[in-house]
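1. Pasting the sequence and the predicted coordinates here, then a few questions.
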Amino acid sequence: MRAPNDWGFIADDLTGAALVGGKLANAGLRVVVATSVDGVLDLVGSRGSEGSIVGVCTDTRNADAHTARAAVERAVTALVQLGRRRVFKFVDSSLRGQVGEELAAIAVALGAQDYLVVPGTPTAGRAVSGGVILVEGVPAQLSPLLENELLARLQSSDVEHLFSVPGVATARSVPVEEWSEDAFWAESNARTIAGEGSLLREDLGVEVLDAPDEASFRAVSHFLEATPRGRRLDLLCGAVGLAEVWAVLLARSLGAGGPSIDGPGSSETGSRIPASGLPVIVVNGSASPAALKQVDYLTRRGVGLTRRPVRVDVTPDLIESSAAGLLAMMHESGSAVLSAPRPTAGGVDGAAARRLPDQIAEVVKLLVESLATAGGKCGLVLVGGMTAATVLRRIGIGRLVPLYEAGFVTLCRVEPTVGPIEVVALKGGASGDEAVLESVVSRLQAGV
């Protein structure tokens with residue numbers, strides 16, 4: 001692993017992109033995350049990415065295969081133009097989304113020769129064993145933790161099925177007992193050939209390594225440290241577990257200060273965290289059981305809550321009144337919470353679920369405008385990747401600098417500052433313990 005300018009990373013949702021950035025920041029590295037593909041394209045020709053590892057959110061977790069493939073191809077093009085010709089591809093720890101299509105598209109676009117695919121995060125209860133992705137020991141497709149998923153619903157828990165793309169890529173599961181240098185360092189025969197305006201692709205052979213426990217990731221670290229002579233790792237693909245291994249090894253190779261879990265450590269960004277307390281807006285767009293429990297816990301702790309703005313076919317008047325109500329809650333308690341309804345309570349179906357992020361984002365936009373008029377500052381906590389990307393796009397935030405990650409929550413500085421928002425904390429819907437949101441709000445209100 002060489003200079004950070006060689007590396008970029010791509011995630012299909014914003015909370016995932018922030019999580020990877022947070023792991024890198026914990027290790028003492030400077031990171032910039034573009035909140036959209038257009039955002040990373042805007043970095044081309046600017047100085048906003050100098051000295052940083054660049055990440056990009058494609059916001060394709062819930063997209064169809066064609067849309068996902070086109071988005072990651074654009075993202076790779078932008079990263080290459082920025083001089084980042086090696087990519088870490090972050091995937092959801094339960095392998096939701098177009099994981100096979102996106103990996104194949106990146107491999108072909110990069111012309112990747114050596115790559116590594118190790119999904120799963122055993123420390124978070126997501127493991128791959130016997131070629132099956134497991135969530136708390138249950139095949140992901142059957143997991144009650146994903147029962148409220150309306151958009152990126154898994155059709156299989158088999159990694160060979162999930163990473164194979166007919167006519168493009170054939171995946172093979174590799175059990176731990178079969179790990180070897182040959183299996184670990186997979187060689188791609190991907191080629192991109194310009195002709196008649198189309199891309200011709202040879203079939204990719206994708207080796208997907210099992211990762212049933214923490215010991216397997218220690219082995220991953222060993223293999224990465226002992227890169228064979230003549231090999232040049234072009235592409236890594238995995239979830240949080242592999243991201244953490246990669247971040248630590250990359251920092252070590254660059255002489256960075258080393259990992260820090262509870263704070264910014266030696267990262268140069270650490271000293272720029274706001275020192276005074278902030279009022280906080282908490283926005284939950286996830287219907288996952290974990291996120292809803294976290295919101296309930298927050299409510300029991302006395303933090304304001306409204307569910308009204310996310311009713312199906314919400315009217316403009318209701319959006320405005322909800323924003324006003326949230327502003328009043330912030331003045332009274334120093335924080336306010338906006339949350340998606342429980343699917344069983346609000347009659348929410350797939351079509352309604354796709355509308356919710358825009359409805360939530362409009363409420364947040366009105367609230368932020370009110371705060372800006374009053375000259376106030378605030379912190380923003382976003383739960384759920386699709387909602388996070390939509391909200392930040394609506395209020396004009398295109399770039400984040402991760403400061404640190406703790407408990408699957410990543411704290412980021414907005415760069416450049418937009419309106420009253422000074423910091424943004426992001427968390428995936430299904431991650432974290434019951435008290436995680438209360439902890440984040442308390443920390444921001446008290447001063448970081």
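-> It's in.
2. Now do the contacts for Ala226.
-> By Cβ atoms under 8 Å, 6 or more residues apart in numbering, the contact set of Ala226 is empty. Every residue, glycine included, has its C-beta placed from N, CA and C.
3. how near is Met386 to Val176?
-> As defined by Cβ to Cβ, to the nearest Å, Met386 lies at a distance of 34 Å from Val176.
4. Which one's more surrounded, these two?
-> Shown here are Met386 and Val176; by other Cβ atoms under 10 Å, Met386 has more neighbours (23 against 16).
5. quick one: secondary structure of that one?
-> Secondary structure assignment for Met386 (DSSP: H, G, I helix; E, B strand; the rest coil): helix.
6. How about the contacts made by the closest residue to it other than its chain neighbours?
-> Counting by Cβ to Cβ, 6 or more residues apart in numbering, Met386 lies nearest to Pro357, which is 5.3 Å off, once chain neighbours are set aside. Contacts for Pro357 (Cβ under 8 Å, 6+ apart) come out as Gly285, Met386, Thr387, Ala389, Thr390, Val391.
7. before we move on, what about Leu366?
-> By Cβ under 8 Å, 6+ apart, Leu366 lies in contact with Ile319, Glu320, Ala323.
8. Which of these fall in helices?
-> Among the contacts of Leu366, the members found in helices (DSSP state H) are Ile319, Glu320, Ala323.
9. Contact partners for the first one?
-> With contact set as Cβ under 8 Å, 6+ apart, Ile319 has these partners: Pro309, Gln359, Glu362, Val363, Leu366.
10. any idea how far the residue nearest to Met386 is from Gly285?
-> From Pro357 to Gly285 the distance is 6 Å (Cβ to Cβ).
11. Wasn't the residue nearest to Met386 part of a helix?
-> Yes - read with three-state DSSP, Pro357 is one of the residues of a helix.
12. could you measure it against Phe223, distance?
-> Distance from Pro357 to Phe223, by Cβ to Cβ: 39 Å.
13. ok, now Thr373?
-> From Thr373 to Phe223 the distance is 55 Å (Cβ to Cβ).
14. okay, the two: which has more neighbours?
-> Using other Cβ under 10 Å as the criterion, Thr373 and Phe223 rank with Phe223 on top: 18 against 10.
15. tell me the pLDDT at the more buried one?
-> The score at Phe223 is 79. That number is its pLDDT.
16. Equivalent analysis for Glu332, please.
-> Glu332 is assigned a predicted lDDT (pLDDT) of 80.
17. Surely it is in a strand?
-> No - judged by three-state DSSP, Glu332 forms no part of a strand; its state is helix.
18. Could you give the bridge partners of Met207?
-> Heads up, residue 207 is Glu, not Met. In this entry, Glu207 is beta-bridged to Arg172, by DSSP bridges.
19. how far away is it from Gly16?
-> According to Cβ to Cβ, Glu207 and Gly16 sit 22 Å apart.
20. Compare these two (neighbour count), which wins?
-> Set Glu207 next to Gly16 and count neighbours by other Cβ under 10 Å: Gly16 wins out with 27 against 21.
21. The more buried one is in what secondary structure piece?
-> Gly16 belongs to helix 14-26 when elements are defined using DSSP states H and E.
22. Tell me the buried residues in that helix?
-> Using 16 or more other Cβ atoms under 10 Å as the test for burial, helix 14-26 gives 14-26.
23. what do you get for stretch 396-405?
-> Under 16+ other Cβ under 10 Å, the buried positions of stretch 396-405 are Ile397, Gly398, Arg399, Leu400, Val401, Pro402, Leu403, Tyr404, Glu405.
24. Then stretch 117-132?
-> For stretch 117-132, burial by neighbour count (16+ other Cβ under 10 Å) applies to 117-122, 124-129, 131-132.
25. I'd say Gly385 and Thr35 touch.
-> No - checked against Cβ atoms under 8 Å, the pair Gly385 and Thr35 is beyond contact range at 10.7 Å.
26. who touches both of these two?
-> Contacts common to Gly385 and Thr35, judged by Cβ under 8 Å, 6+ apart, are Leu14, Cys57.
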